[in-house]
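Novice: how does the following fold in three dimensions:
(4 chains)
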Number of protein chains: 4
Amino acid sequence: MLIVLKPGATEEQRHSLVATAEGDGFRVHPVPDTEHRLIVTGERHVPDPAAFIDRPGVADARRITHGYELASREVHPRDSVVRIGSVPVGGPGFVVIGGPCAVESREQTLTVARQVQAAGAHILRGGAFKPRTSPYSFQGLGEAGLKILAEARERTGLPVITEALDVEQMDVVEEYADAIQIGSRNMHNFPLLKRAGRARKPVMLKRGFAATLEEFLMAAEYILAEGNPNVVLCERGIRAFSDFSRNTLDLSVVPAAKALTHLPIVVDPSHAAGRRDLVAPLARAAAAVGADAIMVEVQDDPSGALCDSTQALAPDAFAALVAEVGRVAGSVDRPLLRLEPRTHRRRQGELSDHHDAVIAAQ
Amino acid sequence: MLIVLKPGATEEQRHSLVATAEGDGFRVHPVPDTEHRLIVTGERHVPDPAAFIDRPGVADARRITHGYELASREVHPRDSVVRIGSVPVGGPGFVVIGGPCAVESREQTLTVARQVQAAGAHILRGGAFKPRTSPYSFQGLGEAGLKILAEARERTGLPVITEALDVEQMDVVEEYADAIQIGSRNMHNFPLLKRAGRARKPVMLKRGFAATLEEFLMAAEYILAEGNPNVVLCERGIRAFSDFSRNTLDLSVVPAAKALTHLPIVVDPSHAAGRRDLVAPLARAAAAVGADAIMVEVQDDPSGALCDSTQALAPDAFAALVAEVGRVAGSVDRPLLRLEPRTHRRRQGELSDHHDAVIAAQ
Amino acid sequence: MLIVLKPGATEEQRHSLVATAEGDGFRVHPVPDTEHRLIVTGERHVPDPAAFIDRPGVADARRITHGYELASREVHPRDSVVRIGSVPVGGPGFVVIGGPCAVESREQTLTVARQVQAAGAHILRGGAFKPRTSPYSFQGLGEAGLKILAEARERTGLPVITEALDVEQMDVVEEYADAIQIGSRNMHNFPLLKRAGRARKPVMLKRGFAATLEEFLMAAEYILAEGNPNVVLCERGIRAFSDFSRNTLDLSVVPAAKALTHLPIVVDPSHAAGRRDLVAPLARAAAAVGADAIMVEVQDDPSGALCDSTQALAPDAFAALVAEVGRVAGSVDRPLLRLEPRTHRRRQGELSDHHDAVIAAQ
Amino acid sequence: MLIVLKPGATEEQRHSLVATAEGDGFRVHPVPDTEHRLIVTGERHVPDPAAFIDRPGVADARRITHGYELASREVHPRDSVVRIGSVPVGGPGFVVIGGPCAVESREQTLTVARQVQAAGAHILRGGAFKPRTSPYSFQGLGEAGLKILAEARERTGLPVITEALDVEQMDVVEEYADAIQIGSRNMHNFPLLKRAGRARKPVMLKRGFAATLEEFLMAAEYILAEGNPNVVLCERGIRAFSDFSRNTLDLSVVPAAKALTHLPIVVDPSHAAGRRDLVAPLARAAAAVGADAIMVEVQDDPSGALCDSTQALAPDAFAALVAEVGRVAGSVDRPLLRLEPRTHRRRQGELSDHHDAVIAAQ
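Specialist: Modelled structure (predicted):
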């Protein structure tokens, strides 16, 4: 149920409503960005608007039961902008995230970080904890990998995003990273989603490769319902019968999601395609279809990577991709996010504190 | 098997090779655009290059057995350009095809034809024979519909493309249309493909909604193998589990197909999406991903259409789409196809013969 | 719209209703097996029950618009039994269809026919016209193959079922075969379905590998609506992401279809699995789930077959399968169809006319 | 790498091999059930058989790198039998698991437990922690639910299986349950799999609804590699485009899995179908295809259930299902598991200790 408060509703009226709803066994969620809306939910019973519509301070009360109330545009019509470090995702500038699949060593990571920065990327990605289908594959460097990512941030000024696989890893990932990735295999890991909802950092939630849009939004709702408003969605391909790409990148989900939710949405063409030559065309398409950002795998020496070597781009190919994507993004009035001069100097190595980056063109 | 002839190979040498191959029970297909390549295929036995490599006039002979020899870029490295009427598909200009799902009446068709022309479309689409899931749905006007399309061409100068559902309809469709569409439900209708291979008009082959890329190219090969080199592929969405679009537009197939084949490829976002609001974003994405053309459904009054009313665009929305797609296409160095002044006058109704249209920027 | 006539409705009343409906531009289809029901359909307009409910002789008139009126159990509650030659499919006896993928030669076909007969099969299958993904694969023997099948029937008494790929082949297939197969790639070949609806032989319609149940039933409706009541459905696997079977046999469709339609349903585990070792387990499962028959590929020498060699069973494996399936079918009160002594003698080669076969246990 | 020891290999030789492998940074896993086989795995490097083949006590050393070494039949040819409480899954008797989707109350659970026991079920299922797509749906009773399940076991003698959603819940689930279920949404929750590998109770791993067979077996390998040999697989439907069942039950996976792995496999028709009327036919098919057990949802009053009310069977329908499945299972020489007289008395309420159940017919 959505309760819309009157513009002049008092704190007391508001508290009284919350107390009534909680007294009836319901949960009350304030809608981010506004003092004037409350979501009331119940596990076993659906709250009844009739009990609230005539209360003092209430402008409207109506049933909403699609299961993603806080994520819905119906409740929160304006686009959300989520800041990863100092980089706004979902604002007027198109954002590029790049980096290696896995943090394999300090040298590899710092090298790639400098390369993606030089190519124009805004955020560095890299996996310290890796979800691997086989228990005998490389599982990532763990906390050592996180420290390498933090050093890469220090040297380049790029905020970093990295995956947490489990509730137990969240503390340490939260400590080092600027944003926490929840991978597609964990889109339905509900305890992890709830823990992410209590994190102090933004969360990028990847769509499960067999998830409907409704399931995707409900998974985001798990995070939002715990109090973390900073959720970014990420499309990374669905599983179909394709004989030419690893998964099938479902770009239709971008405008379809935008119609239902205010959350930003990133596209990851690398994991969807699973082959290098499709990445740039799909990245361009992502910009054209209305995504807020792309996330691309980059390797200094793709053929030697410990994971996903068939899809990572070499640094020069990535630089070409950023230029191409920039032209497409510009053609749909969503130019690449431009950083302030101060940031540029930092990108030249003169500055290292990413926290005070100021973003222009926002 | 591919036989590459020496530059100076004589007609006699060539005839002798063909005679040998045919004498052994094989079929010989000249490769379009070149006198110097022959494809030799066998149903029950695979031809052996060793029997040809040392023959006079032969530069190379090698086994190719993927089943789409004539469609393959391996055999025909240059992009093919297919002319529909006077409109080159697969050349440097991006092409827009628009029109109603079905020809419902003369007035409706002429109205929409003028509207899509005014919006900048290059080719008119419209169904006279409709493939309908239910036997009790509107099945199309048949030949009367074809005559209406011909009149629309006469009045606008736009070449027309329309579907043939069966071998028996091919004669009449071939008589009236500038290009013959084979629908996704018929991608594996082999007698129809063979008949299309003997048509004097270009063929646009839509991908079956559960077809792999290899199957798609082999279906095109059926047409090519009968002697018709003018084949255009069309992606229109695959069937997956989506809860928000009718089918899942598989844009990855565009660069993947381009890697394997020289044939042009069109994207149809309307049938894939099945809902109006996704069409423009997907059309932009199609231009960005590297398609040669888009095909979009337009209705003067979408809500009243006898088929597919949820996905057709109103004329003004289509005009906006063409403008947006034009900007995206330009950003990937594939500007919208521009017609010559003479053509423009014709588009104003002063001229009606579309056969002598001259296309600029090619 | 369904019109139910009163038990005592006169011929005159009935004719008057038909005349009214046809005069309004609707089509009238009598429901097979009963004089008391009429289906009225319209392409452009939906007929209105209010105009018929009060007419003399009418017991009920109600709207039915799911698109498979004649196939629906709503209109025809009793199970249909379709006779292929003298073999009833859909009756109390479980039916086994076996034979080679393709008729490759007289000797191969006669040998396999005797083997499947000896193993207990009731119907012989074999392809004379083959739908092949590649134009360069073996396309079947055509009419010569049909003649071989007819000879196999003459010698074994087994009725034969074989595929027609196109309207043009229907005449000759109808002449030689006891039942006409429409393959999954042609499930949406509407002109072929309509032609099959005018055939004098029963039709086995295979589900397209990306067809929903509703589409499957509507495709059957195309045949029924033209006047051929003898339609058998066949599930043969859907296309999904499987890494271990060619397609995914969708056995759930059997009880789901039985709930909606009165038509019999066959399961083809061979094409679904694409590998020999899965065929017998899936055939047993088909019997257990409630199918009316199975269709299995058998080859005298599977490894040498010109098509689908990975899935055909050797004769002894097929015989074991029939015995296993018989036990399972018995356990669900659907024992293998048993032939009369006379038939048994014929199966020993003493008799050859299959037309007078008499089936027991029906 | 698989190392096969000679029959007379000494402990010393064995220790020496393990020391060498571990010294080179590899992990060594003894193969369950045998002292004569070792699996050696490496994350970053693949161990080389040449370094071991000539060592004392070694009969054979060969590379195995499919990623599910311990699960593979290649390494462990005999079928594994996993005991849940006293019930052997994977032995000669077919096993039936039944119970409510969620433990909603003590009364509901005890009632259903008695009903499924009376119907002939061997194991009780019920969810205390529920994975729910929406954060606002009923999430289960938690530990209170586990206590109710333990009481139901005490009263009926049926061992219980229940789901753990997260590493944090494993301790308490392990304490109360006889087997731990890992749900399909968690099939790729690697930390949870690893924790399950250290549990003292058997684990039933449900296939992800977009998981390939290889991924499924690798997920099981995560559990096995941590030292828990008691893993049971469970097929519960894949996500495809079906318009008539919630998911598509993939029965082909049963024989395909049996060819690759020694682990038992259960089929859950309830969650796959999502509708009541398909459950019994699919349960029969599961028995016929070669599954070791079925798991079926039962509710005293299905229409009032807090979750999945459309698919749960009423007790009498479940009893009929067990009888039908018993006949089919018998027809494939896999009769329903029969309990000893003592057990029967306990089933009458005279005995309550399930630990000393003795199972006949094994």
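Novice: okay, the closest residue to chain C within the stretch 51-200 of chain A and residue D:69: tell me how far apart.
Specialist: Residue of the stretch 51-200 of chain A nearest chain C, by CB to the nearest CB: residue A:133 (12.0 Å). (C-beta placed from N, C-alpha, C; glycine too.) Using CB to CB, to the nearest Å, we find residue A:133 at a distance of 14 Å from residue D:69.
Novice: check residue A:62 too.
Specialist: From residue A:62 to residue D:69 the distance is 57 Å (CB to CB).
Novice: so between the two, which is more surrounded?
Specialist: residue D:69 (27 against 12; other CB atoms under 10 Å in any protein chain shown).
Novice: is that one in a helix, a strand, or coil?
Specialist: coil (DSSP: H, G, I helix; E, B strand; the rest coil).
Novice: that one and residue D:75 touch, don't they?
Specialist: Yes. Counting by CB atoms under 8 Å, residue D:69 does reach residue D:75; the two are 5.8 Å apart.
Novice: overlap in contacts of the two?
Specialist: D:2, D:39 (CB atoms under 8 Å, 6 or more residues apart in numbering or on different chains).
Novice: element containing the nearest residue to the residue of the stretch 51-200 of chain A closest to chain C once chain neighbours are set aside, please.
Specialist: With CB to CB, 6 or more residues apart in numbering or on different chains as the criterion, residue A:133 has its nearest non-adjacent residue at 5.0 Å, and that residue is residue D:218. Counting by DSSP states H and E, the element that carries residue D:218 is helix D:213-225.
Novice: which strands or helices does that helix pack on?
Specialist: Applying 3 or more CB pairs under 8 Å, 6 or more residues apart in numbering or on different chains; DSSP states H and E, we find helix D:213-225 packed against strand D:27-30, helix D:190-196, strand D:203-206, strand D:231-235, helix D:253-260.
Novice: adjacent strands (with direction) for the fourth one?
Specialist: When you say that, I think you mean strand D:231-235. strand D:203-206 (parallel), strand D:265-267 (parallel) (DSSP bridges).
Novice: want to try CSV for the helices and strands packed on helix D:213-225, with distance to residue B:140 and mean pLDDT as columns?
Specialist: Converted to CSV, the helices and strands packed on helix D:213-225 look like this (distance: least, CB to CB, whole Å; pLDDT from 0 to 100):
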stretch, distance to residue B:140, mean pLDDT
strand D:27-30, 65, 86
helix D:190-196, 54, 95
strand D:203-206, 48, 98
strand D:231-235, 44, 98
helix D:253-260, 43, 98
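Novice: dump these into JSON lines; add mean neighbour count and distance to residue A:209 as well.
Specialist: Below are these laid out as JSON lines (neighbours: other CB atoms under 10 Å in any protein chain shown; distance: least, CB to CB, whole Å):
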{"stretch": "strand D:27-30", "mean neighbour count": "17", "distance to residue A:209": "29"}
{"stretch": "helix D:190-196", "mean neighbour count": "25", "distance to residue A:209": "16"}
{"stretch": "strand D:203-206", "mean neighbour count": "27", "distance to residue A:209": "17"}
{"stretch": "strand D:231-235", "mean neighbour count": "26", "distance to residue A:209": "18"}
{"stretch": "helix D:253-260", "mean neighbour count": "22", "distance to residue A:209": "18"}
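Novice: export those to a markdown table and tack on distance to residue B:42?
Specialist: As requested, those are exported to a markdown table (distance: least, CB to CB, whole Å):
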| stretch | distance to residue B:42 |
| --- | --- |
| strand D:27-30 | 51 |
| helix D:190-196 | 51 |
| strand D:203-206 | 49 |
| strand D:231-235 | 43 |
| helix D:253-260 | 34 |
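Novice: on that earlier part again, what about the residue nearest to residue A:133, how many residues nearby?
Specialist: Residue D:218, neighbours per other CB under 10 Å, totals 26.
Novice: how close does it get to chain C?
Specialist: Applying CB to the nearest CB, to the nearest Å, the value for residue D:218 to chain C is 12 Å.
Novice: might one say that that residue is in contact with residue D:68?
Specialist: Yes. Judged on CB under 8 Å, residue D:218 makes contact with residue D:68 at a distance of 5.1 Å.
Novice: now do the shared contacts for the two.
Specialist: By CB under 8 Å, 6+ apart, residue D:218 and residue D:68 have these common neighbours: residue A:134.
Novice: show me which residues of the stretch 101-250 of chain A sit near chain B.
Specialist: A:210, A:212-214, A:238, A:240-245, A:248-250 (CB under 8 Å from any CB of the partner chain).
Novice: would you put the C-alpha positions of stretch A:284-300 in CSV?
Specialist: The C-alpha trace of stretch A:284-300 is given here as CSV (Å, rounded to 0.1, in the frame of the first residue of the first chain):
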residue,chain,number,x,y,z
ARG,A,284,27.2,0.7,-28.9
ALA,A,285,23.7,-0.8,-29.0
ALA,A,286,23.5,-0.5,-25.2
ALA,A,287,24.1,3.2,-25.4
ALA,A,288,21.6,3.6,-28.2
VAL,A,289,18.8,1.7,-26.4
GLY,A,290,19.0,3.9,-23.4
ALA,A,291,21.2,2.3,-20.8
ASP,A,292,22.9,4.5,-18.2
ALA,A,293,26.3,2.8,-18.4
ILE,A,294,28.2,-0.2,-19.8
MET,A,295,30.6,-2.5,-18.1
VAL,A,296,33.3,-4.1,-20.2
GLU,A,297,36.1,-6.6,-19.4
VAL,A,298,39.6,-5.5,-20.3
GLN,A,299,42.8,-7.5,-20.0
ASP,A,300,46.3,-6.4,-20.7
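Novice: okay, now the unreliable bits of chain A?
Specialist: A:33, A:304-308, A:340-362 (pLDDT under 70).
Novice: centre of it to the edge, which residue is at the far end?
Specialist: Most distant from the centre of chain A: residue A:54, at 38.8 Å, with distances by CA atoms, centre = their mean.
Novice: am I right that it sits in a helix?
Specialist: No. Going by three-state DSSP, the assignment for residue A:54 is coil, not a helix.
Novice: who touches it in this structure?
Specialist: Contacts of residue A:54 (CB under 8 Å, 6+ apart): none.
Novice: do residue A:43 as well
Specialist: D:136-139.
Novice: go again with 10 Å.
Specialist: For residue A:43, the contacting residues are A:25-27, D:132, D:134-140, D:306, by CB atoms under 10 Å, 6 or more residues apart in numbering or on different chains.
Novice: do the same with residue A:285
Specialist: Applying CB under 10 Å, 6+ apart, the residues contacting residue A:285 are A:249, A:251, A:254, A:267, A:269, A:291, A:294, A:325, A:328, B:249, B:251-252, B:254-255, B:281-282, B:284-291, B:328, B:332.
Novice: touching, residue A:288 and residue A:325? I think so.
Specialist: Yes. Residue A:288 lies in contact with residue A:325 (CB atoms under 10 Å); the separation is 9.4 Å.
Novice: any shared contact partners between these two?
Specialist: By CB under 10 Å, 6+ apart, the residues touching both residue A:288 and residue A:325 are B:288, B:331.
Novice: backbone dihedrals for the nearest residue to residue A:188 once chain neighbours are set aside, please?
Specialist: Leaving aside its chain neighbours, residue A:188 sits nearest to residue D:185 (3.4 Å; criterion: CB to CB, 6+ apart). Note on residue D:185: backbone dihedrals following degrees, to the nearest 10 are phi -70, psi -20.
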